[in-house]
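*Asks:* After the sequence you'll find the predicted model.
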Amino acid sequence: MANDELRHQTGEERTTKPKHQAGQKARLLLRELETKKKKKLRELEAKGKRALSLLDTCHKMGALLEQSGCKDKATLDRKREHLELDEIDRFLKCRYISACEASWRLFSFHIHHNQPSMMKLKIHLPGKQRLLYNQNKSLEEVLSKEDIDKTMLNAYFVANEKYEEARELTYVQFPSRFVYHTDDKTWTPRKHGTSIGRLPFIHPIAGDDYYLRILLNVVKGSTSFEHLCTVGGTTFKEFRDACYARGLLDDDKEWHDAIFEPSYWATGRQLMRLFVLILIYCEVANHLKLWDHTWKILAEDILYMKQREFNFPGLILPDLKLQQYTLIEIERLLKENDKSLNDFKGMPKPNESVLREISNTVLRQELNYDTAKEASENEKLFATMNEDQQKVYNAVVDSVDNQSGQMFFVYGAGGTGKTFLYRTIIAKLRSVGKVVIPVASAGIAALLLPGGRTAHSRFKLPVNLTDETVCEITAGSMLATLIAKTDLIIWDEAPMAHRQAFETLDRTLRNLQSQHNPEAANKPFGGKTMILGGDFREVLPVVAHGSRQDTVKASISKSYLWPYAQVYTLNTNMRLNQADREFAVWV
Ligand SMILES: Nc1ncnc2c1ncn2[C@@H]1O[C@H](COP(=O)(O)OP(=O)(O)OP(=O)(O)O)[C@@H](O)[C@H]1O
């Protein structure tokens, strides 16, 4: 089939060549095609790499590219120490394409002729329009220019006077029904098509320009600046007063809008800077309300930043922690301006205990489970649990919920579903944000538990255990904080470990827990709910050069802790299917 195709491509006659010649030709042709394919692939790869590196550069370097004919300009924020700042030169030379535009161009998407077109509207204070003039001309000559007062905004006032239908539109809506002619600087009614008008963003601390922009966004049919400032027959001198009279500035609305409006295009970090400037330079009446209303958009980048900082792509931050991180960032930005959150009445401050918790990497990992995923895992496992497993499950969840600190021993031969039971309990507790520490006496058993570790590694148990040893966990350390927050400890393959290992952990937990709650000193494991599990018929603790009695004495069942244990037995071997089970009964 392939040969037929090749012949067809080369126009080769089927019957004219002997078989071996045709085969040789086909092989040559195949090789040629293979070489061409490889070349093409190399070209595409190189293109891809170039595209990626360009995108990367755009991202990392602030997208600074000299591009002739590209009219966009932007202010770039770069590390100041390496930069000799010539602001004017920078403003003039700064032609760039953003990362979005770069990718748009790389994928060859259409840049122009998109419908409807977007029109950038000009805005200026009375008599403060931009003027282009020849530098050789004198001031008188420049000022005596005929059309000096003709601007897009002034032409809008004129059109409002001239056309009745124009008075139904705000300045921003104007391009939808009127066309602006740059040659004679006039607006005339649109005959076909439409266009979207946009006013450039003006920073809230710009003053009059900012208030003029607010008015132009809402007032229809203005015929002059005075008309724009006239409310209920009173002409106000200041745009700000006119805004107040129109009820546009009540209740800090303008500050809320000032953050919301750029949130469609600005990054969270830029919005945080804006928020800080508004706090410092604008008269915000209710700081807390502004914070409550806007913190979510300010926190937009925080999760990503923290994932990168902690090198932990799966990091999930609940709202409370996102707020704390955002407050820390805002405090840092305020400090750059010699201010602090304390200077603004009503603004919340970063919570010390939450901050400590946040910086605790050990605890963060334990709290970082996806609760929705855990809930669905629990639902799935719980549905198939047998009666014995359910009994243990209910008792353990009850103990955790009521903080009664009970100790359970789950006894069952291999395959009776102990690990399955632990997994169900772990998923249940993690789905509601509770902390579970699953450990096992042996590394291989620890691997079967979600987030499991060996007991020695997790609790820093000493290698040489005695009746007095304690774990190497200091009060106030990250691990101590994790243990304080822990709701359940699961220790699988417990019969394998020396009773002194459990007693060492018991002493440590009593010590740590009694620092906050003196009663904990009298409770096994300091009042933590414990599940120990395993099978005494399997491997027992190894006692070096010990006799059979020594091994039995080393078992958990000979510990002072054993009387506290509620023993549950799992009888059904879940590993065997029905046929095997009959065989097992027969055996
Ligand atoms: N209630 C259940 N429903 C469905 N499958 C189950 C259930 N309980 C256990 N199993 C399955 O039975 C098998 C053995 O269970 P599991 O590994 O939990 O037993 P185990 O007691 O921990 O065994 P071992 O001591 O050898 O590690 C696993 O494949 C598990 O998924």
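*Replies:* Now that the structure is in, tell me what you want to look at.

*Asks:* CA only for contacts and neighbour counts going forward, please
*Replies:* Will do.

*Asks:* Can you tell me what sits against whichever strand or helix holds I259?
*Replies:* Applying DSSP states H and E as the criterion places I259 in helix 253-260. Applying Cα atoms under 8 Å, 6 or more residues apart in numbering, the contact partners of helix 253-260 are H203, P204, L248, L271, L274, F275, I278, V284, L290, H293, T294.

*Asks:* which stretches of the stretch 51-200 of the chain have low pLDDT?
*Replies:* 51-84, 90-91, 94-96 (pLDDT under 70).

*Asks:* try it again with 80
*Replies:* Within the stretch 51-200 of the chain, the ranges that satisfy pLDDT under 80 run 51-98, 110-114.

*Asks:* quick one, helices of it?
*Replies:* Using DSSP state H, counting those that start in this stretch, the helices of the stretch 51-200 of the chain run over residues 87-93, 99-106, 139-143, 152-162, 174-177.

*Asks:* Determine which of those approaches N386 most closely.
*Replies:* helix 99-106 (55.6 Å; Cα to Cα).

*Asks:* Show me what the closest one is packed up against.
*Replies:* Secondary-structure packing of helix 99-106 (3 or more Cα pairs under 8 Å, 6 or more residues apart in numbering; DSSP states H and E): helix 19-60.

*Asks:* how close does D487 get to the ligand?
*Replies:* 22 Å (Cα to the nearest ligand atom, to the nearest Å).

*Asks:* cool, V543 as well?
*Replies:* 22 Å.

*Asks:* Does that residue touch D550 like I think?
*Replies:* Yes. V543 is within contact range of D550, at 6.8 Å (criterion: Cα atoms under 8 Å).

*Asks:* Stretch 153-171: which residues count as buried?
*Replies:* 153-160, 166-167, 169-171 (16 or more other Cα atoms under 10 Å).

*Asks:* Residues touching it, excluding its own?
*Replies:* 121-124, 174, 185-188, 197, 216-224.

*Asks:* so which of the residues you listed also contact the ligand?
*Replies:* By Cα under 6 Å from any ligand atom, no member of the contacts of stretch 153-171 lies near the ligand.

*Asks:* buried subset of those?
*Replies:* By 16+ other Cα under 10 Å, these give 121, 123-124, 174, 185-188, 197, 216-217, 219-224 as buried.

*Asks:* Show me what from the stretch 251-400 of the chain comes close to the ligand.
*Replies:* Residues of the stretch 251-400 of the chain lying near the ligand (Cα under 6 Å from any ligand atom): T384, M385, N386.

*Asks:* which of these has the most neighbours?
*Replies:* M385 (17 neighbours; other Cα atoms under 10 Å).

*Asks:* contacting residues around it?
*Replies:* L421.

*Asks:* Just the pLDDT for it.
*Replies:* pLDDT for M385: 91.

*Asks:* With the one 3 residues further on instead?
*Replies:* Residue-level confidence at D388 comes out at 91, pLDDT.

*Asks:* Wait, it touches N573, no?
*Replies:* No. Contact criterion Cα under 8 Å: D388 and N573 do not qualify, at 11.2 Å.

*Asks:* before we move on, back to that, so which of the helices of the stretch 51-200 of the chain is nearest G314?
*Replies:* That would be helix 99-106 among the helices of the stretch 51-200 of the chain, by Cα to Cα, at 25.3 Å.

*Asks:* buried sites along the closest one?
*Replies:* Buried, per 16+ other Cα under 10 Å, within helix 99-106: A99, E101, A102, S103, L106.

*Asks:* Determine how far that helix lies from the middle of the whole chain.
*Replies:* Computed by Cα atoms, centre = their mean, to the nearest Å, the chain-centroid distance of helix 99-106 equals 24 Å.

*Asks:* The contacts of helix 253-260: which two are farthest apart?
*Replies:* So, the contacts of helix 253-260 by Cα to Cα: farthest apart are L248 and L271, at 21.8 Å.

*Asks:* more crowded one of those two?
*Replies:* L271 (23 against 18).

*Asks:* Which helix or strand contains that one?
*Replies:* helix 268-281.
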